[in-house]
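1. Next input, structure requested:
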Amino acid sequence: MSMYDYIIVGAGSAGCVLANRLSEKAKTRVLLLEAGKKDSSPFIHMPAGIARLIATSDFNWAFQTDAEPELDKRNLYWPRGKGLGGSSSINGMIYNRGNPRDYDHWRQLGNKGWGYDDVLPYFRKSINNERGEDIYHGINGELNISDEKANLPSHDYFIQAGIEAGYSYNADFNGATQEGFGPFQLTKIGNRRCSAAQAFLSPILDRDNLTVVTEAKALSIDFEGKKAIGVTYLKRGKKYHVKAECETIISAGAVQTPQLLQLSGVGNPEDLALHGIRCFHPLKGVGQNLQDHLDIMVQYYCKDPELSVARYIKVSNMVRVLLQYMLFGNGPGTENGCIAGAFIKSRKDLEMPDLQFHFIPLILNDHGRKRFTEPGLSIHVCQLRPESRGEIRLASNNPLDNPSIKANYLSVGSDLDTLVEGVKVARKIFQTKVFSAFLGEEFEASKGALNDEDIASFVRKNAETIYHPVGTCKMGNDYLAVVDDRLRVHGLASLRVVDASVMPTLVGGNTNAPTIMIAEKASDMINHDNTR
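-> Here you go, the predicted structure:
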């Protein structure tokens, strides 16, 4: 049995940060376990490679939800990162923190030290913002944040259309205010993706006190009484037992962190009994409180092919794009396709935006797995603050089986109302004078949805995840809380959860930056609590 000070399960956005920070002390032995492979694929590092990464299972768990009752009983496809960098290696690279009030709400829920003023220093610590340093942005961190120069004018047209429709321009969604139309900043360095693995892990792989094991599937957390002492994992058909003297840290994400806890006998006794697992530590909140951003696309054909990236997804052109990027590091492969967006309110009486738009100059279907080569433009309409709650439960007691995902989208009716309003606003943007000269017909899926009832039906038939599941091991002190405000699992010693699953509520924006922040803050807490 190998011995370490810390064992980290999961080398995603949180795990890479933890491995970096905890191994800074030369005498601290750190083991990082990752079920996926090394991030060696050129599609990871090429920003346009997201289309392949999302659609295939090479670096993607490719989960499916159970049949969703309010979405015409569809099983939704849930891409999640599998490999070094986790979902930061396959995402859209958008750097967004959500709204400052999201974190103040966490603090109001009783989570001391998690208000916006508390967490802002950790956001700043992680990043090198190419715009420069100010009260919101740092310049000395590992994660490079850049502006994208659009090759197509359609991104700018989207922003201009928003202003024409009466919304404000916002140059920095992570600055003083969130609301408005403007450019996204991206986790890129030069023309390459800057994943959590590239930022925090690759530069430190030569540290003698850090061990990284890939293709290592965690089977269980090992306990002595109520103390976590290590992990059992599987690699190439062989089981290994590793021990942690200080702490075991689970960073496997909002889907697999609760699964691993449940497989290890931590969870709801009644649920675990269904699979023959003895519950030695009852925590009914494990796997509960699942929240995710649901997304519906409003799409139009485009009369001018030069305004859409559709021509690049033809097979012959895709090969040319890849070769140009591999040989020269430039061309269409340098873009992820989503560099402009908006945060707006569905109703004027709201305190903060409840809708996010992502603009993409392409017609998409089924996460890009169904491709349309006709020129087109899309607005992703994302509801930011869903009231619906789902759950992650075991499908079996086999650690190699995927868990059951019940997102329960739209189980609260107001969530659907917000998306219906969002569809109307997206159409309003497309119907501005800015777009009028080159916009064609509306895409068939939504074209006939003319009243609220029809739009609601369109949403139920077509809405999908936009990849932001959180909350399944929530931080807090209520009956569903799994960890305290120092991310220690309630009632167990030497065990923490550090990933998006600890968020008590979903932030109003993309979730990669908040997950990195959580790991930065957790690293400080872990180092403090284990000072010898």
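
2. Name the SS class of residue 18, please.
-> helix (DSSP: H, G, I helix; E, B strand; the rest coil).

3. And the residue sitting furthest away from the middle of the chain, how far from residue 304?
-> Distance from the C-alpha centroid of the chain, by CA atoms, centre = their mean, peaks at residue 437 (35.9 Å). The gap separating residue 437 from residue 304 is 8 Å, by CB to CB, to the nearest Å. Every residue, glycine included, has its C-beta placed from N, CA and C.

4. just residue 46 next, same as before
-> Distance of residue 46 to residue 304, computed by CB to CB: 26 Å.

5. what does residue 464 give?
-> 27 Å.

6. Mind checking which of those two has more residues around it?
-> Neighbour totals were compared for residue 464 and residue 304, and residue 464 leads with 20 against 13 (other CB atoms under 10 Å).

7. what's across from that one in the sheet?
-> Bridge pairing for residue 464 (DSSP bridges) gives the partners residue 295.

8. next one: the lowest-mean-pLDDT helix or strand in the chain to chain centre, how far?
-> Between all helices and strands in the chain, the lowest mean by mean pLDDT, DSSP states H and E belongs to strand 370-371, at a mean of 77. Here strand 370-371 shows a centroid-to-chain-centroid distance of 23 Å under the convention CA atoms, centre = their mean, to the nearest Å.

9. just stretch 396-413 next, same as before
-> Between the centre of stretch 396-413 and the centre of its chain there are 17 Å (CA atoms, centre = their mean).

10. Can you report how many residues lie near the residue nearest to residue 99 when sequence neighbours are not counted?
-> Nearest non-adjacent residue to residue 99, counting by CB to CB, 6 or more residues apart in numbering: residue 508, 4.5 Å away. The burial count assigned to residue 508 is 24, neighbours taken as other CB under 10 Å.

11. Tell me who's in contact with residue 508.
-> Taking CB atoms under 8 Å, 6 or more residues apart in numbering, we find residue 508 in contact with 98, 99, 102, 178, 343, 352, 353, 354, 356, 384, 385.

12. swap the cut-off to 10 Å and go again
-> 96-102, 178, 293, 343, 352-356, 382-385 (CB atoms under 10 Å, 6 or more residues apart in numbering).

13. Then residue 84?
-> By CB under 10 Å, 6+ apart, the contact set of residue 84 is 11-12, 15-16, 32, 34, 36-40, 44, 59, 195-198, 201-202, 205, 212, 214.

14. Which pLDDT value belongs to residue 315?
-> Residue 315 carries a pLDDT value of 66.

15. Contact partners for residue 441?
-> Neighbouring residues of residue 441 by CB under 10 Å, 6+ apart: 300, 301, 303, 376, 447.

16. again, 8 Å this time
-> Counting by CB under 8 Å, 6+ apart, residue 441 touches 300, 301, 447.

17. TSV please, covering those residues and showing secondary structure, pLDDT and neighbour count.
-> Compiled in TSV, those are given as follows (DSSP: H, G, I helix; E, B strand; the rest coil; pLDDT from 0 to 100; neighbours: other CB atoms under 10 Å):
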residue	secondary structure	pLDDT	neighbour count
300	strand	97	24
301	strand	97	19
447	helix	94	12
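
18. Would you confirm that residue 74 contacts residue 67?
-> Yes: contact criterion CB atoms under 8 Å: residue 74 and residue 67 qualify, at 6.9 Å.

19. So for those two, which sits in the more crowded spot?
-> Taking neighbours as other CB under 10 Å, residue 74 and residue 67 compare with residue 74 leading, 18 against 12.

20. check contacts around the more buried one.
-> 67, 68.

21. per-residue confidence for it?
-> So, for residue 74, pLDDT stands at 98.

22. backbone phi and psi for it, please?
-> According to degrees, to the nearest 10, the main-chain angles of residue 74 amount to phi -80, psi 150.

23. That one and residue 468, how far apart?
-> Per CB to CB, residue 74 is found 19 Å from residue 468.

24. again with residue 282
-> Counting by CB to CB, the gap from residue 282 to residue 468 is 29 Å.

25. Which residue of these two possesses the greater neighbour count?
-> The neighbour comparison of residue 282 against residue 468 (other CB under 10 Å) goes to residue 468, with 26 against 14.

26. That one contacts residue 293, doesn't it?
-> Yes: using CB under 8 Å, residue 468 is in contact with residue 293, at 4.3 Å.

27. list residues touching both of the two?
-> Common neighbours of residue 468 and residue 293, counting by CB under 8 Å, 6+ apart, are residue 506.

28. Count the neighbours of residue 341 for me.
-> Other residues near residue 341 come to 28 when the count uses other CB under 10 Å.

29. Could I get the contacting residues of it?
-> 94, 173, 181, 182, 183, 184, 356, 357, 358, 359.

30. Let's see that with 7 Å instead.
-> Contacts here follow CB atoms under 7 Å, 6 or more residues apart in numbering; on that basis residue 341 touches 184, 356, 357, 358, 359.

31. What strand or helix carries the third one?
-> Take DSSP states H and E as the rule and residue 357 turns out to sit in strand 355-360.

32. name the helices or strands packed onto that strand?
-> With contacts taken as 3 or more CB pairs under 7 Å, 6 or more residues apart in numbering; DSSP states H and E, strand 355-360 sits against strand 340-344, strand 376-383, helix 413-430.

33. what's the closest of those to residue 242?
-> strand 376-383 (39.6 Å; CB to CB).

34. Output the closest one as PDB, nothing but the C-alphas.
-> Extracted in PDB, the C-alpha atoms of strand 376-383 (Å, rounded to 0.1, in the frame of the first residue of the first chain):
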ATOM      1  CA  GLY A 376     -27.000  29.700 -40.200                       C
ATOM      2  CA  LEU A 377     -26.800  31.500 -36.900                       C
ATOM      3  CA  SER A 378     -27.800  30.400 -33.400                       C
ATOM      4  CA  ILE A 379     -28.600  32.100 -30.100                       C
ATOM      5  CA  HIS A 380     -28.500  29.700 -27.200                       C
ATOM      6  CA  VAL A 381     -31.000  30.800 -24.600                       C
ATOM      7  CA  CYS A 382     -30.000  29.600 -21.100                       C
ATOM      8  CA  GLN A 383     -32.100  30.000 -18.000                       C
END
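
35. can you pull the buried residues of it?
-> 376, 377, 378, 379, 380, 381, 382, 383 (16 or more other CB atoms under 10 Å).

36. Tell me where the model's unsure across the stretch 251-400 of the chain.
-> 315 (pLDDT under 70).

37. Could you pull out the strands in it for me?
-> 266-267, 281-282, 294-302, 340-344, 355-360, 364-365, 370-371, 376-383, 391-393 (DSSP state E, counting those that start in this stretch).

38. So what's the gap between the first one and the chain middle?
-> Shown here is strand 266-267, whose average C-alpha point lies 24 Å from the average C-alpha point of the whole chain (CA atoms, centre = their mean).

39. Parallel or antiparallel, list what pairs with that strand.
-> Note on strand 266-267: by DSSP bridges, its sheet partners are strand 281-282 (parallel).

40. so how many other residues sit close to residue 3?
-> So residue 3, with other CB under 10 Å, has 12 neighbours.

41. Could you find the closest non-adjacent residue to it?
-> Taking CB to CB, 6+ apart, and ignoring the residues beside it in sequence, residue 3 has residue 243 as its nearest neighbour in space, at 5.1 Å.

42. Count the residues that sit near that neighbour.
-> 15.

43. So in that sheet, which strands flank the helix or strand harbouring it, and in what orientation?
-> Using DSSP H and E, residue 243 falls within strand 238-250. Sheet neighbours of strand 238-250, with direction, are listed as strand 2-9 (parallel), strand 227-235 (antiparallel), strand 495-497 (parallel) (DSSP bridges).

44. For the closest residue to residue 521 other than its chain neighbours, give me its contacts.
-> Once flanking residues are discounted, residue 521 sits nearest to residue 122: 4.8 Å by CB to CB, 6+ apart. Residue 122 makes contacts with 517, 520, 521, as judged by CB under 7 Å, 6+ apart.
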